[in-house]
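Asker: Attaching a predicted model along with its sequence, questions to come.
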Amino acid sequence: MEKRVLVPVAQGTEAMEAITIIDVLRRAGANVIVASVDEINIKASMEIEFKADRLIKECMDEQFDLIVLPGGIPGAQNLRDSKDLEILLKKQAEQQKYYGAICASPAVVLHHYGLVTPGKVTCHPGFKDQIDNGNIVESSVVVDKNCITSRGAGTACDFALTLVELLYSKEKKKEVAQSLALMLD
């Protein structure tokens, strides 16, 4: 069964995180929609430019199996400032569907919206003081009910593979991981 995944992006999004998440989930067979909260043409980190599939406001009436946010600054701040994204994420949480974030976004976006506390969470070490005491776990990836978080660009592949396992299975995660390993040879 095809899974629908929304990857919101914004100006200043961390390119490595966004592209890794999109790539790995598409390899698993997910229908990944990249939606911008501001403009279709994105200027991400490291001056990498790419085009979103659509604007987030065009996704308001759609259902997703997962909504997952890349990080980066000012990308996470630009995501946080989107009222449409806030509505979508809160609806996702209310429906007990998966949502996640990596790097700065667990603190800057999810925590800001009240979607990581109470509960266990991880984020980029530079942002952990922005999350309520006792919630931070020093781990590459943390799964707490329907909320999945990760630390940063260096954990992006592990994070994306964890998302594959949650959406599909351990077998699909292994299959995708093997396809990635073959590409390194």
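Answerer: Perfect, thanks for sending it.
Asker: ok, Glu165 to Leu85 distance?
Answerer: Taking CB to CB, to the nearest Å as the measure, Glu165 falls 25 Å from Leu85. Where C-beta positions appear, they are placed from N, C-alpha and C, glycine not excepted.
Asker: more crowded one of those two?
Answerer: Between Glu165 and Leu85, Leu85 has the larger neighbour count (other CB atoms under 10 Å), namely 25 against 17.
Asker: quick one: that one and Ile56, what's the gap?
Answerer: 6 Å.
Asker: Leaving out sequence neighbours, find the closest residue to Ala28.
Answerer: Once flanking residues are discounted, Ala28 sits nearest to Val164: 4.4 Å by CB to CB, 6 or more residues apart in numbering.
Asker: Ok, Asp23 next?
Answerer: Ala160 (7.6 Å).
Asker: Just confirm the one you found is within a helix.
Answerer: Yes. Counting by DSSP: H, G, I helix; E, B strand; the rest coil, Ala160 is located in a helix.
Asker: okay, it: pLDDT?
Answerer: Note for Ala160: predicted pLDDT of 98.
Asker: which residues does it contact?
Answerer: Thr20, Ile21, Asp23, Val24, Leu25 (CB atoms under 8 Å, 6 or more residues apart in numbering).
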